[in-house]
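In: Predicted model and sequence follow; I will ask about them next.
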Protein chains: 2
Amino acid sequence: MNAVLKDFSVARPKPRTAPRANQRHDHVHCIAAALATASSLCAARGARLTKLRRRVLEHVWNSHVPVGAYELLNRLRADGRRAAPPTIYRALAFLADEGLIHRIETRNAYIGCDFADRPHQAQYFICEQCGVAAEVDASDIHRRIAARADELGFVVSGHNVEVLGICCLCQQRRVHVGSRA
Amino acid sequence: MNAVLKDFSVARPKPRTAPRANQRHDHVHCIAAALATASSLCAARGARLTKLRRRVLEHVWNSHVPVGAYELLNRLRADGRRAAPPTIYRALAFLADEGLIHRIETRNAYIGCDFADRPHQAQYFICEQCGVAAEVDASDIHRRIAARADELGFVVSGHNVEVLGICCLCQQRRVHVGSRA
DNA sequence: GTCAATTGTGTTATACCATAACAAAACTAA
DNA sequence: TTAGTTTTGTTATGGTATAACACAATTGAC
Ligand SMILES: [Zn+2]
Ligand SMILES: [Zn+2]
Ligand SMILES: [Zn+2]
Ligand SMILES: [Zn+2]
């Protein structure tokens, strides 16, 4: 089994009931698709997705839980590469510039972008239990924000929306725990 | 003139045209009102708004630009008080617990709450030019987020919405600069 | 292939943001 | 007053991010 799955907290053994959304998925495919998209986007733009940058992106995609810069640094070192903070921050800056990752502000952490191949204004739903951050591109939310900005005479260049709570899967887990207690 | 106005970037000399919103206001009143609200809320709750905490709140309300913890620390020291980081972080924690300030995640900075006397789910519109962060409590935005959460089976405990762009006043300033160039 | 120019990476040092742990002081309620 | 509680001071440390400069790899012209 691919080592990349080791802390993928969505992939769990046998959920007893089907979750409403975001059910267990083929995360190996997730990663492969993200890397393929990254490769083609960078090629098309003349941006250089070097081995280092590609490896950092792989480590970011290790799970759907946002990962901190120093954790990524440790993973690089576990790969046998010599690395210091600027190494990882430069790679993260490149990946963010290319729209391949996002920074989760409330966690000081980074996560792969689910919509790298198109412009979007994403929102994140972040589980306080398992840590998974789900990216959605909800145009209705963005429109409401844009409308309010308009009323204020405010010209929007971007937004950061992070919703905190408990994800669908963790609620099921809590019910199980609760019914046992 | 009150020294507290010294870096209040909304209060500027003679805007040539009236802004659509957020026009120059009596910031001394702003501060006084915030402190009065803080006092009565804390009294009602049995929370102790000590001199230190009150002074920190005053420094936070110095302007509508979010201010960093270490800047607040410097201001405390300028007051003649001996202070180290825990001093300011404990005061900030108290003020945040009481809902008197908010943390602006994209800036690692803190700002006074405009709606301390009632429960709310605020959004911030942050100007990349002048730094001013305007708090709004737009229930329509919150409703859209809640609706999307519902679709995901996600139970919301809170959200952080920070919109970046150029504020109304700074656009006018840019026009002036532009027409001169 | 060689070369110069550009871009990317390694390395050291440092700045900025935040908290742990414990001691001293101030406040509260008998 | 005195004991108990809360707040503040103090020292040390952990976590996040960048500046500055040297070296290596890549690119594109020749
Ligand atoms: Zn995205
Ligand atoms: Zn969860
Ligand atoms: Zn004001
Ligand atoms: Zn502005």
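Out: Received the coordinates, thanks. Ligands and ions are numbered 1, 2, ... in the order given.
In: Only C-alpha atoms from now on, for both contacts and neighbour counts.
Out: Fine.
In: who's in contact with A:N108?
Out: Counting by CA atoms under 8 Å, 6 or more residues apart in numbering or on different chains, A:N108 touches A:G68.
In: switch to 6 Å and redo it
Out: For A:N108, no contacting residues are found, by CA atoms under 6 Å, 6 or more residues apart in numbering or on different chains.
In: OK, contacts around A:S39?
Out: Under the criterion of CA under 6 Å, 6+ apart, the contact list for A:S39 is empty.
In: distance of it from chain B?
Out: When CA to the nearest CA, to the nearest Å is the yardstick, A:S39 and chain B sit 29 Å from each other.
In: again with A:F125
Out: Relative to chain B, A:F125 is positioned 8 Å away (criterion: CA to the nearest CA).
In: Could you check which residue of chain A lies nearest ligand 3?
Out: Taking CA to the ion as the measure, chain A has A:L152 as its residue closest to ligand 3, at 16.1 Å.
In: how many neighbours does that residue have?
Out: 18 (other CA atoms under 10 Å in any protein chain shown).
In: Check A:A32 too.
Out: Neighbour count for A:A32, taken as other CA under 10 Å: 13.
In: Helix or strand: which one has it?
Out: When elements are assigned from DSSP states H and E, A:A32 belongs to helix A:27-45.
In: In contact with the residue of chain A found nearest ligand 4, which residues?
Out: Distances between chain A and ligand 4 by CA to the ion are smallest at A:F154, namely 8.8 Å. Applying CA under 6 Å, 6+ apart, one finds that A:F154 lies in contact with B:166-168.
In: where's stretch A:104-113 relative to the chain centroid, distance-wise?
Out: Centroid separation between stretch A:104-113 and its chain, computed with CA atoms, centre = their mean, to the nearest Å, is 7 Å.
In: Export only the CA atoms of that stretch, formatted as PDB.
Out: Extracted C-alpha coordinates of stretch A:104-113, given in PDB (Å, rounded to 0.1, in the frame of the first residue of the first chain):
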ATOM      1  CA  ILE A 104      -5.800  27.700   5.600                       C
ATOM      2  CA  GLU A 105      -5.400  30.800   7.700                       C
ATOM      3  CA  THR A 106      -7.100  29.500  10.800                       C
ATOM      4  CA  ARG A 107      -4.600  26.700  10.900                       C
ATOM      5  CA  ASN A 108      -1.400  28.200   9.500                       C
ATOM      6  CA  ALA A 109      -1.400  25.200   7.200                       C
ATOM      7  CA  TYR A 110      -1.600  24.300   3.500                       C
ATOM      8  CA  ILE A 111      -3.900  22.100   1.500                       C
ATOM      9  CA  GLY A 112      -4.200  21.000  -2.100                       C
ATOM     10  CA  CYS A 113      -6.600  22.900  -4.300                       C
END
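In: Mind listing what's buried along that stretch?
Out: Of the residues in stretch A:104-113, A:104-106, A:109-113 count as buried by neighbour count, 16 or more other CA atoms under 10 Å in any protein chain shown.
In: Against DNA strand C - does it have any residue that ends up touching it?
Out: No - counting by CA under 7 Å from any atom of the strand, no contacts exist between stretch A:104-113 and DNA strand C, the nearest distance being 9.5 Å.
In: again with stretch A:50-66
Out: Yes - part of stretch A:50-66 sits close enough to DNA strand C to count as contact by CA under 7 Å from any atom of the strand, namely A:50-53.
In: Are any of those residues buried, and if so which?
Out: Taking 16+ other CA under 10 Å as the criterion, what is buried in the residues of stretch A:50-66 next to DNA strand C is A:R53.
In: which of the residues of stretch A:50-66 next to DNA strand C are close to chain B?
Out: Checked against chain B using CA under 6 Å from any CA of the partner chain, the residues of stretch A:50-66 next to DNA strand C give no members in range.
In: Please list the members of the residues of stretch A:50-66 next to DNA strand C that lie in helices.
Out: Secondary structure from DSSP state H places A:51-53 of the residues of stretch A:50-66 next to DNA strand C in helices.
In: Burial check on A:R81, number of neighbours?
Out: By other CA under 10 Å, the residues close to A:R81 number 12.
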